[in-house]
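Q: sequence isn't available, so here's the structure alone:
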């Protein structure tokens, strides 16, 4: 199984929110406030909620979300958001789909943006 999380990702473990502190070998992690290694199979993503998005600078726009600082848009459907960026006078570039906080953090990281988020 491929490594799914990276250092500083925000994840869920035993119904509590934690941060990945370090990767330990293959698919094991050191988490904030946990004193033992945790396997990837025991972790899950933190769902992207309107509260989390708004706390991190996203503005609600008729059910979708816009982040003016990063010039990104989230278009919601079912349990995920499609992320796109408008460039060069209304040309839309679809980037990816995100289902949880760590997915959005990975996108930010890949774009060279600040991937720290508040939950």
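A: Structure's in. What do you need? Predicted model only: the values in this text are computed from it and were never measured.
Q: in the helix of greatest length in the chain, which residues are buried?
A: If you go by DSSP state H, the chain has its longest helix at helix 101-110. Using 16 or more other Cβ atoms under 10 Å as the test for burial, helix 101-110 gives 101-108. (Each C-beta comes from the backbone N, C-alpha and C, glycine too.)
Q: for the residue of the chain most remote from its centre, which three-state class applies?
A: Going by Cα atoms, centre = their mean, the residue of the chain most distant from its centre is residue 89, 27.5 Å out. Per DSSP: H, G, I helix; E, B strand; the rest coil, the local secondary structure of residue 89 is coil.
Q: that older thread, in TSV: the buried residues of helix 101-110, plus distance to residue 68 and pLDDT.
A: TSV is the format used below for the buried residues of helix 101-110 (distance: Cβ to Cβ, whole Å; pLDDT from 0 to 100):
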residue	distance to residue 68	pLDDT
101	20	97
102	23	96
103	21	96
104	16	96
105	19	96
106	21	95
107	16	95
108	15	95
